[in-house]
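Undergrad: just to be clear, the model below is a prediction. Sequence and coordinates:
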Amino acid sequence: MRYRFGEVELDTDTYELRSAEEPIDVEPQVFDVLVHLLSHRERVVPKEELLDTVWGNRFVSESALTTRIKQARQAVGDSGQAQRVIKTVYGRGYRFVADVDELVAVPVPVAFDVAGAGSGDVDEGDAPFEPVPPTRYVVNDGASIAYQVFGSGPNLVLIEGYTTNVEVQWEHPSIARFLRRLASFCRVAVLDKRGTGLSERLSRGEAPSLEQRADDVRAVMDAAGMPRATVFGSSEGGSLSVLLAAAHPDRVERLILHGTWARHPWLDQPERPEFGAVERRWGTGWALTQLADSMAGTAAGRRFLGRFERQAATPGTARRLVELMSAIDVTALLPSIAAPTLVVHRRHDAFYGIEHARDLVAAIPNTRFLELPGTDHFLFSGDTAPILAAVEEFVIGTAPVVPTSDRFLATVLFADIVGSTAADVGDTRFARLFDDFAATARRCIERHRGRLFGFSGDGLLATFDGPGRAVRAACDLRDALAPLGTEIRVGVHTAEIERRDDGIAGVGVHVARRLAELAEPGSIWVSRTVTDLVAGFGLAFAARGEHSIEGLAQPLSLYEVDV
């Protein structure tokens, strides 16, 4: 619904406040205060009602409401002295007193051309050609993940940008054409990542980790009957695709990266103003129009992008996902990718420069690079024909690589009992202590889906397919052993390692062991590679400086788990 009072227009559908057609930036709580007062303008709204409505179960002081009222007045040109819009009724609450006109939107039939332009009249030739593929669900770690499978040919998993809706995207002819063209030479699986679209929504404050999302993709592949596939990652989907290709080479036959990066340009900048702007303006199309210049060139395109935002995520989730995306660096994983890789990037991408693509090409072995003209970042916006032609040639014309198991990417955990040699505690006590340590370690490692490679002296060596699980397992092991009077120190590092007979070797193993030696008793030390990959896991770290490690050319930045 749209409302107008004075020069101000408030739109509850697009979550937007405007004055003379110009948007007014306000905090979400300020907007909510205005909406509630306007919706109940026939009466005085008690302060307690506003607090409950805007802040829910959270306890906030009355001064927080007073601040939001002041900000709401400033946004609409009112003041505490004038009170032409919001009147304070002392001892009772507030009332919206301005004259209000309710504006009824008249639906305009819109047709899109190939680039998403609106022509004003419906052209049946631009309607979707076929019914939308059915949406299915697979449950992984208690979360329902929505996905679709369509087309025929070699398997391909499409991992799109940070928010999606697998059903709504078919409503735009440009997107539908892209997907159907892809399906003409591939059997395609496309999904809504956890927290977006039709998949499981996130609870307040929750942000899914990269490895959790990688597990979701593998669950979709299993449900779709895709033991191996080409993985096509666009934008934020690229970092997830890199992790899949590096950590699970047996599942990734080829890798395609479009408009993506290894190290996000906002890394280590937790207070970017864009985070708040995304939350405030989400649902208006503001975020996606910046990424899709061509599609946003008409009012019809902008209306679609606004609706797509609203159907893809909530404002709070959109902000958390942008924050999560900005905290990821997969640079260390790039040299471990064995799959043939195609990197596609538009030369003047409005959001992520061409240098990000060149960094990927320089670091990933066996890579092709396609640089295209244009400014569009959004995969489906602009001239997509060259992208589809390159993808078809790459998927159909590239011989698949048969994965080998000798070398693989893993997170290595090395744990060492502090002061535990037989000489220190005696043979009998040491045997009992070590038995307790071994039994507890097996339980903790199994609980977090790790693989125990054995015990060495008074330590253990294990691997995990994700650094978050490795760190959680280390914390659980440390905490489980503490009541037994056993103290450990742990090192965790993610790297490519080598399988030898029934064991593992390589620099990654050596680094994890060395980190455990450097760690203080009772502490868990990890490498910067680990911290860059666990965004969304709820883990905190304290910097422990740079250390030279034998076998590494450069000093390694180390961190202690602060949990």
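TA: Ah, there it is.
Undergrad: run me through the strand neighbours of the helix or strand L452 falls within, direction for each.
TA: Assigned by DSSP states H and E, L452 belongs to strand 451-456. Using DSSP bridges, the strands paired with strand 451-456 in its sheet are strand 459-464 (antiparallel).
Undergrad: between the next helix or strand after the partner strand and strand 459-464, how many degrees?
TA: Going down the chain from strand 459-464, the next helix or strand is helix 467-481, by DSSP H and E. Angle of helix 467-481 versus strand 459-464, following axes from the mean of the first three to the mean of the last three CA atoms, to 10 degrees, is 140 degrees.
Undergrad: hey, what's the angle from the helix or strand that helix 467-481 is followed by to strand 451-456? Just curious.
TA: Counting by DSSP H and E, the next helix or strand C-terminal to helix 467-481 is strand 488-500. Following the same axes, to 10 degrees, one obtains 110 degrees for the angle between strand 488-500 and strand 451-456.
Undergrad: now do strand 488-500: distance to the chain's middle.
TA: Its chain's C-alpha centre and that of strand 488-500 lie 26 Å apart, by CA atoms, centre = their mean, to the nearest Å.
Undergrad: which other helices and strands contact that strand?
TA: Judged by 3 or more CB pairs under 8 Å, 6 or more residues apart in numbering; DSSP states H and E, strand 488-500 is in contact with strand 407-417, helix 467-481, strand 503-505, helix 507-518, strand 524-527, helix 528-533. Every residue, glycine included, has its C-beta placed from N, CA and C.
Undergrad: residues of that strand that come out buried?
TA: By neighbour count on 16 or more other CB atoms under 10 Å, the buried set for strand 488-500 is 488-497, 499.
Undergrad: state the helix or strand in which D268 lies.
TA: With DSSP H and E as the test, D268 turns up in no helix or strand.
Undergrad: how near is it to A219?
TA: 32 Å (CB to CB, to the nearest Å).
Undergrad: more crowded one of those two?
TA: A219 (18 against 10; other CB atoms under 10 Å).
Undergrad: follow-up on the earlier one: most tightly packed of the helices and strands packed on strand 488-500?
TA: strand 524-527 (a mean of 28; mean count of other CB atoms under 10 Å).
Undergrad: show me where the stretch 101-250 of the chain has strands.
TA: 101-103, 136-140, 143-151, 155-159, 187-191, 229-234 (DSSP state E, counting those that start in this stretch).
Undergrad: parallel or antiparallel, which strands does the second one pair with?
TA: Strand pairing for strand 136-140, using DSSP bridges, gives strand 143-151 (antiparallel).
Undergrad: tabulate the CA atom coordinates of the partner strand in PDB.
TA: C-alpha atoms of strand 143-151 as PDB (Å, rounded to 0.1, in the frame of the first residue of the first chain):
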ATOM      1  CA  ALA A 143      17.300 -27.500   6.700                       C
ATOM      2  CA  SER A 144      15.100 -27.900   3.600                       C
ATOM      3  CA  ILE A 145      16.900 -26.800   0.400                       C
ATOM      4  CA  ALA A 146      14.800 -26.000  -2.600                       C
ATOM      5  CA  TYR A 147      16.100 -27.000  -6.000                       C
ATOM      6  CA  GLN A 148      15.000 -27.700  -9.600                       C
ATOM      7  CA  VAL A 149      16.400 -30.100 -12.200                       C
ATOM      8  CA  PHE A 150      15.700 -29.600 -16.000                       C
ATOM      9  CA  GLY A 151      17.300 -30.200 -19.400                       C
END
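Undergrad: renumber starting at 313 from here on
TA: I'll keep to 313 as the first residue from here, and by that count the last item is strand 455-463.
Undergrad: reformat the strands of the stretch 413-562 of the chain as TSV; add mean neighbour count, mean pLDDT and distance to V564.
TA: As requested, the strands of the stretch 413-562 of the chain are exported to TSV (neighbours: other CB atoms under 10 Å; pLDDT from 0 to 100; distance: least, CB to CB, whole Å):
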stretch	mean neighbour count	mean pLDDT	distance to V564
strand 413-415	10	88	51
strand 448-452	16	95	18
strand 455-463	20	95	17
strand 467-471	25	98	9
strand 499-503	25	97	13
strand 541-546	26	98	5
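Undergrad: quick one: closest of those to G848.
TA: G848 lies closest, by CB to CB, to one member of the strands of the stretch 413-562 of the chain: strand 455-463, at 13.4 Å.
Undergrad: how far off centre is the closest one?
TA: Worked out by CA atoms, centre = their mean, strand 455-463 lies 18 Å from the chain centre.
Undergrad: repeat that for stretch 691-702.
TA: On CA atoms, centre = their mean, the centre of stretch 691-702 falls 24 Å from the chain's centre.
Undergrad: hmm, who's touching that stretch?
TA: 427-428, 472-473, 481, 484, 486-487, 490, 493-494, 546-547, 570-571, 603-608, 654, 656, 658, 682, 684-688 (CB atoms under 8 Å, 6 or more residues apart in numbering).
Undergrad: what subset of the residues you listed is buried?
TA: Of those, these count as buried by 16+ other CB under 10 Å: 427-428, 472-473, 481, 484, 486-487, 490, 493-494, 546-547, 570-571, 603-608, 654, 656, 658, 682, 684, 686-688.
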